[in-house]
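A.B. asks: Sequence and predicted structure are below.
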Amino acid sequence: MKETKIDRSEQRLRELGYKQELKRELTSFTNFSVSFSIVSILTGLTSLYGTALNGGGPAVIIWGWVFVSLMSFTVAASMAEICSSYPTSGGLYYWSSKLAGDKGPFYAWVTGWWNLLGQFGCTAGIDFGLAMLLCSVISLSTEFVFERWHTVLIYFAILIVHGLINTYAVRLIAILNTISVWVHIGGVIIILVTLLVKVENKASASFVFTGFINKTGWSSSVYVVLLGLLQSQFTMTGYDASAHMTEETKNADVAGPVGILMAVGVSFLAGLGYLLALTFGIQDIDRVLGTKTGSPIAQIFLDAVGETGALLLLVILLVAQFFCGNASVTANSRMIYAFSRDGAMPGSKYFHQIHPTLKSPVYGIWLSCFISGLLGLLYLADYVAFAAITSIATIGLYISYGIPTFLRITYSKNSFEPGPISLGAFSIVNGWIACVWICIITVLFVLPGSSPVEAANMNYTVVIVVAAAMYIFGYWHFSARHWFKGPVSNIDLEDNEHDFVAGSLAQSEKHDVQEIMEGKQEVVEGEKTELA
């Protein structure tokens, strides 16, 4: 007979309209570790350190990280509150549907597609950053000169490996994410201690906290400072992964939102230590900016501990970035699974399938790798494509973060029912701060990063964002608005009938037990009367 007893998280999922299909075996720490691995300070801060150093310098790197982390926490807090009320793999787009009332299908559609675009960009940015760093490591030890197509091929290979791990090693994913947390924290400590001990001519405090560098070609210092925030803001993305993993997490309405908040908080502290270590470790700024290794951080390590020591430190970064990319594919595939489960994607009947043996969304995994691979092809046409990819990730994800947050403080201001994690009276104010910040960065990161603007240094993010917007709104207007109804329950009639029968049997058994107990009570009272 089918087991009818279900835990609280599964019961809440059924109340939201879905039956349990994914294995619910992740702990609170594992849920946090997925988001922490995707935020991955050793990935984002490493990949764009040179960009920020040229466009703002040490002061923008350090204080930009502090400011962006604070603003990101306001966004994360709003998301955590909503996640506590709606713990589903659909995450953001499901929230938008429920918070927008009768306009739910439209907002769910827009949120879901922007989130997908951002996740594709995030996966591409992470794995491409890994490919570029790997090329730097190989060049450092062999002096081999990599062409752009070499980097792209390595990038494709990394995507394939991550696809294979997510397809065939589902049980291993939780272990890898747990290891990833300690690799990141341990890696930061090792790098921090190494640079503090080994660097003899450390940079001055005034250089680290007030040093400004502008090699962008723009004359406006304010504009350059704002552009320099991309490094920090790209790093502080992906923490919505905790929401996408809630259908696999125990005690999801608490573990999911706490995972979101912890990912941002712990990343801020670890990231600050990492950036301070790197920046104090700069001994010759001109040599770092003009490095032939292809990575300013590799040059910092090389100057500090020599070639062998630098290679060992770079291996830590490679391992951390590998874990980060793997976690990103995991979260991306869960979003594809959830979105296609509600019929929102072309080929939904394939992408929402869970492989009966592997217990993973196989089609969703490989779609994530394929689309991310296409984004990587931009690098063949333009050296600045990597910055464009990271901008796409940042814009796509933060638009999808902002829509449910905006709906929570407007449409559902008075009707929203919070879960166990709530911001209370601060919820509305925090939501508005988060929305304003999201609007600022959405505009900021489509602007050109270098002057004069030419085909070779143009920010192609705006082209991709406009194309994506045309697709999202065009598809809705001409087709989807006629058939897309938002999140659709997958609890079929058979399940409902089973629950009804099970419930009836339970009530019947309860009634029978009650009658037996009443009968026993009557017998006891009768015996007492006779004895009297």
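C.D. replies: Looks like it came in fine.
A.B. asks: Just the element for residue 183, please.
C.D. replies: helix 170-198 (DSSP states H and E).
A.B. asks: Return the set of buried residues in that helix.
C.D. replies: 170, 173-174, 176-178, 180-181, 183-185, 187-188, 191-192, 194-195 (16 or more other CB atoms under 10 Å). All C-beta atoms are positioned from the backbone trio N, CA, C, and that covers glycine.
A.B. asks: who does it touch, helix- and strand-wise?
C.D. replies: helix 28-39, helix 41-47, helix 148-168, helix 252-280, helix 296-341 (3 or more CB pairs under 8 Å, 6 or more residues apart in numbering; DSSP states H and E).
A.B. asks: Quick check: residue 309 touching residue 195?
C.D. replies: No: counting by CB atoms under 8 Å, residue 195 is not a contact partner of residue 309; they are 10.4 Å apart.
A.B. asks: Near residue 233, how many other residues are there?
C.D. replies: Residue 233 has 28 neighbours, counted by other CB atoms under 10 Å.
A.B. asks: if I pick the residue lying closest to residue 146 once chain neighbours are set aside, what's in contact with it?
C.D. replies: Nearest non-adjacent residue to residue 146, counting by CB to CB, 6 or more residues apart in numbering: residue 135, 4.5 Å away. Listed by CB atoms under 8 Å, 6 or more residues apart in numbering, the contact set of residue 135 reads 146, 150-151, 154, 294.
A.B. asks: Pull the number of nearby residues for residue 102.
C.D. replies: 7.
A.B. asks: And the residue lying closest to residue 173 once chain neighbours are set aside, how close does it get to residue 126?
C.D. replies: Leaving aside its chain neighbours, residue 173 sits nearest to residue 330 (5.8 Å; criterion: CB to CB, 6+ apart). Going from residue 330 to residue 126 by CB to CB, to the nearest Å gives 12 Å.
A.B. asks: Ok, residue 208 next?
C.D. replies: The value you get for residue 208 to residue 126, if CB to CB is used, is 27 Å.
A.B. asks: of those two, who's got more company?
C.D. replies: The residue with more neighbours, out of residue 208 and residue 126, is residue 126; 34 against 21, by other CB under 10 Å.
A.B. asks: tell me the domain ranges of this structure?
C.D. replies: The chain breaks down into these domains under automatic domain parsing: 23-486, 494-532.
A.B. asks: Let me have those in TSV, adding mean pLDDT and distance to residue 14 as columns.
C.D. replies: Shown next, in TSV, are those (pLDDT from 0 to 100; distance: least, CB to CB, whole Å):
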stretch	mean pLDDT	distance to residue 14
domain 23-486	89	11
domain 494-532	42	8
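A.B. asks: From those domains, pick the one with the highest average neighbour count.
C.D. replies: Of all the domains of the chain, domain 23-486 carries the top mean neighbour count, a mean of 21, counting by mean count of other CB atoms under 10 Å.
A.B. asks: now that we're looking at the residue nearest to residue 355 when sequence neighbours are not counted, how far away is residue 328 from it?
C.D. replies: Distance criterion CB to CB, 6+ apart; nearest residue to residue 355, sequence neighbours excluded, is residue 362 at 4.8 Å. Distance, residue 362 to residue 328, using CB to CB: 17 Å.
A.B. asks: before we move on, what about residue 105?
C.D. replies: Note on residue 105: its distance to residue 328, by CB to CB, is 28 Å.
A.B. asks: before we move on, what about residue 402?
C.D. replies: For residue 402, the distance to residue 328 equals 21 Å [CB to CB].
A.B. asks: now do residue 99
C.D. replies: The gap separating residue 99 from residue 328 is 26 Å, by CB to CB.
A.B. asks: do the same with residue 401
C.D. replies: Residue 401 sits at a distance of 16 Å from residue 328 (criterion: CB to CB).
A.B. asks: one step back: pretty sure the residue nearest to residue 355 is touching residue 164, no?
C.D. replies: No: the pair residue 362 / residue 164 is not scored as a contact, 10.8 Å apart, by CB under 8 Å.
A.B. asks: what sits against residue 303?
C.D. replies: Neighbour list for residue 303: 199, 281, 283-284, 287-288 [criterion: CB under 8 Å, 6+ apart].
A.B. asks: same thing but at 10 Å, please
C.D. replies: Contact analysis of residue 303 by CB atoms under 10 Å, 6 or more residues apart in numbering lists 198-199, 201, 281-284, 287-288, 291, 310.
A.B. asks: got JSON lines for those residues, with distance to residue 55 too?
C.D. replies: Output for these, formatted as JSON lines (distance: CB to CB, whole Å):
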{"residue": "198", "distance to residue 55": "28"}
{"residue": "199", "distance to residue 55": "24"}
{"residue": "201", "distance to residue 55": "25"}
{"residue": "281", "distance to residue 55": "20"}
{"residue": "282", "distance to residue 55": "16"}
{"residue": "283", "distance to residue 55": "21"}
{"residue": "284", "distance to residue 55": "20"}
{"residue": "287", "distance to residue 55": "19"}
{"residue": "288", "distance to residue 55": "14"}
{"residue": "291", "distance to residue 55": "16"}
{"residue": "310", "distance to residue 55": "25"}
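A.B. asks: any idea which of those residues is the one closest to residue 214?
C.D. replies: Comparing these against residue 214 with CB to CB picks out residue 288 as the nearest, at 15.8 Å.
A.B. asks: Can you name the residues that contact residue 273?
C.D. replies: Per CB under 10 Å, 6+ apart, neighbours of residue 273: 41, 185, 188-189, 191-192.
A.B. asks: try it again with 8 Å
C.D. replies: With contact taken as CB under 8 Å, 6+ apart, residue 273 is in contact with 188-189, 192.
A.B. asks: and those residues as JSON lines, adding distance to residue 69?
C.D. replies: Converted to JSON lines, the contacts of residue 273 look like this (distance: CB to CB, whole Å):
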{"residue": "188", "distance to residue 69": "15"}
{"residue": "189", "distance to residue 69": "19"}
{"residue": "192", "distance to residue 69": "18"}
